[in-house]
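Q: Starting from these lines, generate the structure:
(2 chains)
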Amino acid sequence: MTKEERLKKRHNSEKRFRFYGLASIFVALLFVLILVNNIFSKGSSAFMKTAINVEVFFDPELLEVKNGSTLDEIQEADFYDVTIETILKSYPAKNLDEENELIDLFTTDAEIEIKNAFIKNNNLVGKKINLEITASDDIDQLHKGNYPRDLPEDRRRISNFQLKIYDNFVADDKIIKNFNNYFFSNGDSRNPELAGIGGALVGSFYSILICLLLSFPVAVLASIYLEEFAPKNKITDFIEININNLAAVPSIVYGLLALQILLATIQLPRSTPLVAGITLALMTLPRIIIPCRASLKAVPPSIREGALAVGASKFQSVFHHVVPLALPGTLSGTIIGLAQALGETAPLILIGMVAFVVDIPATPIDPSASLPVQVYLWSESAERGFVEKTSATIMMLLSFLIVMNFVAVYLRQKFEKRWN
Amino acid sequence: MNIVLLFLITIFSLSLFFYGRSKTKSISIQKNIKLNALPKFYGYYLVLWCSIPSLVFLLVWSLFEPVIIKSIIIETAANQGAVFNDKNEANLIYEKIKAIHLGTFFGDIDTILKESAISYAKFINLFTNSKIVLIFGIIIASVIYSLKKIKNNNKARDDVELILKGILFASSLIAILTTLGIIFSLLFESIKFFSVINIFDYLFGTNWSPQRAFVRDASAITAAEYEELKDAFGFIPLIAGTSFIAFIAMLVAVPIGLFSGIYMAEYASIKVRRISKPIIEILAGIPTVVYGFFAALTVGPFFRQIGESLGLSVSSESALAAGLIMGVMIIPYVSSLSDDVINSVPQSLRDGSYAVGATKSETIKQVVIPAALPGIIGSVLLAVSRAIGETMIVVMAAGLAANLTINPLESTTTITTQIVMILVGDQEFDSPKTQSAFALGLTLFVATLILNYIAQRAVKKYREKYD
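A: Numbers count the residues shown, from 1 in each chain, chains lettered A, B, ... in the order given. Okay, here's the model as predicted:
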């Protein structure tokens, strides 16, 4: 091999090496892109729901209430007959089977929607109104194009007759897409068209609030102690080793801890944001202490010495001067820790947050779901409608995380002093 | 009740603050002496003495009161002739008694339940009353003590700072308490488990199927039953599955992470670095349940389709899909750690290599990486410990049945998956099946602890070498 050939070979290998580096960064970026794109393309349709416009006649003969009934009486009353009548009038069905298939096109909560419309408007008895009733999950998915129509009938959840009704409705402009308020206001449900993340949002909010209230003060106080007051001795070393190890303990172990101590020993109520908050706080604590200590360490000693020189006590120098300067870094570390806690799933599954909870929790000691657990629960469901619901929940979760991370970065860049 | 007490303690503390401040002021004027601290510190001193002992007492009391009352009530109910065979039935009776007391029970009430409900009401009353009396006793005692101190013109600021320092120290002890809590809660159940299942049968058994273990009473197991039991709790398939999936994950994460770390540290311009580094770190910020969803609903079926078109049988819960996505999740851990490590290799080493005519890649391969090797190995070990402790991806995308295989297209299970599967939903405590989850947790805890320890030592040693 001549000199020139060898040099060329070496330069080629240089180029190759550089290409590998660039390619791996590119691959990593590509994964982010695929993941986000996949979630968004699946999930964005969940923010709209399909409704069917029908004419409701509040027939006095079918109703148990009259004009002027009190709210309690209306709530107690049965609107089932009116609902069935309304649905059957929307399309001619020949026999019982066809009638049932027609009824299946509407949500199981159609009766409640009609009742609510009755409550909202006064004196409807004997009158007709046009009302948009939420369609069943199958129609919803069909209308959004998530459901293949060209399968043979026995492999479809929608019969040929139902398809015919649907096409008729579409031709008559009776099928409407509007904003899916159920998705934000409802709790969990077995019917995808009624299922929402309302309960999970409130549950996550309470859990993170409790996590913040418990972990932030303790983490700040602990890092102040370790950074400013702790003597160099074995106890301090031991505490530091513990904190570093706890930050690397798998999250599921915290779930086992909560199960044994919080649920079995202290007997706090299962599946509640209270237990979730405490568990997440224990898990987040070391993850907040580490950035807190870093930001305290970044405050130069001259600040402390200046305060001490004019006669402040050690405490005053720390709490009047060092802590305020370290606060932006501390806060941004806390927010990032909370963002991690918000997405944490495994420990919450172990403390029973996978229970099927329909009601939206009123207090932190009511059973509840949380956003990531809702993702897990829905992803295990077979119904097609839950796929878009799961993706939409992930979109909500990711947007919270993005906002939190931006706030953290903003706090650090805007308020943190650079000392060198 | 507790809220009223908290409110009262707050009110007392606030009024004591103002009392202490004005009292010391007036003492200093009357007796014409110089105070040893600013008047407000005397106020703080009283507040701390009034609130901390009573709050700590209230917290401890509230934590243990329900547990103690429960055990007393169950015992009295048993003495009165209530029959229950295990803990669950005892809990049921206790809940009934509580519901009768609250007036929300609508079933048949026999005399035993009625008597127990009456004694329950008695105990609740007794406990509440003694709680109130004790709290007021504590408040009065500590306030008398602290008032005496401030009348003697103590150095209130020093005392306040000492107490606050104690609070700071107590906060940092929570980390130790958490570790102890983890160790005890894992050990407690694991010891029970290992008293039934021989630890060697657990560690070296090759069959894991805890759903077969229907033993209610762990204390009376015949030899034949034990043979069956020990066959249900063999750890080998789990550690094999866990390491297999972690291995696939590392096959993805180590090359991609390491190469991107090298590129960022050695080649990338500041601009490229500033954009691409945060984007790669997004991968670490995405919740793992999202990866799990992606792996289970998109990647798994995708592999299955490809496999079918090639004529291979691919499980839709293949180890490959779970491992691949886990690897993607771990990329940023490897890349940012190795980036840091490579950045801290001294420039003089590179300059020396360039001076003898090496190209950039030759310098990296022959000088920088060997120098940074301990640090890189440390970061890979940290990534491995992430991978074996990762739960949601494998719960959602890997299989549930233990399966000793090295075929990445088949489904396998992991330690974390099994913990979740055993503990999800209702579980009876005191069965070997439930306890086995804690034994798995303990194994996982010890394994990650060892990996982290070695990794942290390696990184630390390496840093000391070049600092």
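Q: Can you name the element that comes right after the one helix or strand A:Leu280 maps to?
A: When elements are defined using DSSP states H and E, A:Leu280 is found to belong to helix A:273-297. Using DSSP H and E, the helix or strand that follows helix A:273-297 towards the C-terminus is helix A:301-309.
Q: Which residues does that next one contact?
A: Identification of contacts with helix A:301-309 by Cβ atoms under 8 Å, 6 or more residues apart in numbering or on different chains yields A:Lys314, A:Gln316, A:Ser317, A:Val318, A:His320, A:His321, A:Val322, A:Leu325. (Glycine included, C-beta is placed from N, CA and C.)
Q: Tell me who's in contact with the first one.
A: By that I understand A:Lys314. Remark: with contacts taken as Cβ under 8 Å, 6+ apart, A:Lys314 is in contact with A:Glu228, A:Phe229, A:Leu308, B:Glu161.
Q: can you put those residues in CSV and add pLDDT, secondary structure and neighbour count?
A: CSV is the format used below for the contacts of A:Lys314 (pLDDT from 0 to 100; DSSP: H, G, I helix; E, B strand; the rest coil; neighbours: other Cβ atoms under 10 Å in any protein chain shown):
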residue, pLDDT, secondary structure, neighbour count
A:Glu228, 92, helix, 20
A:Phe229, 92, helix, 16
A:Leu308, 94, helix, 14
B:Glu161, 89, helix, 18
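Q: Just the closest of these to B:Tyr462, please.
A: A:Glu228 (28.7 Å; Cβ to Cβ).
Q: Export only the CA atoms of the helix or strand of chain B with the lowest mean pLDDT, formatted as CSV.
A: For chain B, the helix or strand with the lowest mean confidence is helix B:223-230, at a mean of 74 (criterion: mean pLDDT, DSSP states H and E). Included here for helix B:223-230 are C-alpha records, laid out as CSV according to Å, rounded to 0.1, in the frame of the first residue of the first chain:
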residue,chain,number,x,y,z
ALA,B,223,-44.4,-32.1,51.8
ALA,B,224,-46.4,-32.9,48.7
GLU,B,225,-47.9,-29.4,48.7
TYR,B,226,-44.4,-27.9,49.1
GLU,B,227,-43.1,-29.8,46.1
GLU,B,228,-45.9,-28.1,44.1
LEU,B,229,-45.3,-24.7,45.7
LYS,B,230,-41.6,-24.6,45.1
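Q: how's chain B carved up into domains?
A: Domain assignment of chain B by automatic domain parsing yields the ranges B:2-154, B:236-466.
Q: now for those, which one comes closest to chain A?
A: Taking Cβ to the nearest Cβ as the criterion, chain A comes closest to domain B:236-466 out of the domains of chain B, the separation being 2.6 Å.
Q: quick one: the closest one to chain centroid distance?
A: Using Cα atoms, centre = their mean, to the nearest Å, we find the averaged C-alpha position of domain B:236-466 to lie 20 Å away from the chain's own average C-alpha position.
Q: so the residue of the stretch 51-200 of chain A found nearest chain B is in which element?
A: Evaluated by Cβ to the nearest Cβ, the stretch 51-200 of chain A has A:Ala200 as its residue closest to chain B, separated by 12.2 Å. A:Ala200 is part of helix A:198-224 when elements are defined by DSSP H and E.
Q: which strands and helices sit next to that helix?
A: helix A:181-185, helix A:273-297, helix A:323-343, helix A:371-379, helix B:156-196 (3 or more Cβ pairs under 8 Å, 6 or more residues apart in numbering or on different chains; DSSP states H and E).
Q: tell me the average confidence for the helix or strand following the third one?
A: In the C-terminal direction, the helix or strand that comes right after helix A:323-343 (DSSP H and E) is helix A:346-350. Averaging the model's pLDDT scores along helix A:346-350 yields 93.
Q: Tell me the buried residues in stretch B:77-84?
A: When neighbours are counted by 16 or more other Cβ atoms under 10 Å in any protein chain shown, the buried residues of stretch B:77-84 are found to be B:Ala77, B:Ala82.
Q: distance between the ends of that stretch?
A: Across its full length, stretch B:77-84 reaches 10 Å between end residues, using Cα to Cα, to the nearest Å.
Q: With stretch B:312-322 instead?
A: First-to-last distance for stretch B:312-322 - Cα to Cα - comes to 18 Å.
Q: Now do the buried residues in that stretch.
A: By neighbour count with 16+ other Cβ under 10 Å, stretch B:312-322 contains the buried residues B:Val314, B:Ser315, B:Ser316, B:Glu317, B:Ser318, B:Ala319, B:Leu320, B:Ala321, B:Ala322.
Q: what's around B:Lys460, how many residues?
A: As a burial measure, the neighbour count of B:Lys460 was computed by other Cβ atoms under 10 Å in any protein chain shown and equals 13.
Q: returning to what we had before: next SSE downstream of the least confident helix or strand of chain B?
A: Past helix B:223-230, further along toward the C-terminus, the next helix or strand under DSSP H and E is helix B:236-262.
Q: Does chain A have contacts with that following helix?
A: Yes: counting by Cβ under 8 Å from any Cβ of the partner chain, contacts between helix B:236-262 and chain A involve B:Pro255, B:Ile256, B:Gly257, B:Leu258, B:Phe259, B:Ser260, B:Ile262.
Q: any chance you could map the strands in chain A?
A: Along chain A, the segments classed as strands by DSSP state E run A:48-57, A:128-134, A:175-179.
Q: closest one to B:Ala358 among these?
A: Taking Cβ to Cβ as the measure, the strands of chain A were each checked against B:Ala358, and strand A:48-57 came out nearest at 60.7 Å.
Q: for the closest one, packing partners?
A: Where contact means 3+ Cβ pairs under 8 Å, 6+ apart, strand A:48-57 is packed against helix A:80-90, strand A:128-134, helix A:137-143, strand A:175-179.
Q: winner for burial among those?
A: Counting by mean count of other Cβ atoms under 10 Å in any protein chain shown, helix A:137-143 has the highest mean neighbour count of the helices and strands packed on strand A:48-57, with a mean of 24.
Q: Just give the number of residues close to B:Asp110.
A: A count of neighbours around B:Asp110, defined by other Cβ under 10 Å, yields 11.
Q: and what of B:Pro346?
A: B:Pro346 has 12 nearby residues by other Cβ under 10 Å.
Q: I'd guessed it sits against B:Arg463; true?
A: No: using Cβ atoms under 8 Å as the test, B:Pro346 is too far from B:Arg463 to be in contact (12.0 Å).
Q: Count the residues that sit near the nearest residue to B:Thr178 once chain neighbours are set aside.
A: In space, not counting the residues next to it along the chain, B:Thr178 is nearest to A:Leu282; the distance is 5.3 Å by Cβ to Cβ, 6 or more residues apart in numbering or on different chains. A:Leu282 is flanked by 27 other residues according to other Cβ under 10 Å.
Q: my guess is A:Leu282 contacts A:Leu257, does it?
A: Yes: with contact defined as Cβ under 8 Å, A:Leu282 and A:Leu257 form a contacting pair (7.0 Å).
Q: can you list residues touching both of the two?
A: For the pair A:Leu282 and A:Leu257, residues contacting each of them under the criterion Cβ under 8 Å, 6+ apart are B:Thr178, B:Gly181.
Q: hmm, back to that, buried ones in the least confident helix or strand of chain B, by neighbour count?
A: Residues of helix B:223-230 classed as buried by neighbour count (16+ other Cβ under 10 Å): B:Leu229, B:Lys230.
Q: chain center to it: distance?
A: Its chain's average C-alpha position is 33 Å from that of helix B:223-230, according to Cα atoms, centre = their mean.
Q: Report pLDDT for residue 384.
A: Since you didn't name a chain, this refers to chain A. What the model reports for A:Arg384 is a pLDDT of 81.
Q: looking at chain B here, not the other one
A: Among the per-residue scores, B:Val384 holds a pLDDT of 94.
Q: Equivalent analysis for A:Asn420, please.
A: 63.
Q: nearest spatial neighbour of the residue of the stretch 1-150 of chain A at minimum distance from chain B, skipping sequence neighbours?
A: Shortest the stretch 1-150 of chain A-to-chain B distance, computed as Cβ to the nearest Cβ: residue-wise this is A:Gly21, at 2.9 Å. Taking Cβ to Cβ, 6+ apart as the measure, A:Gly21 lies nearest to B:Tyr263, with 2.9 Å between them; neighbours along the chain are not counted.
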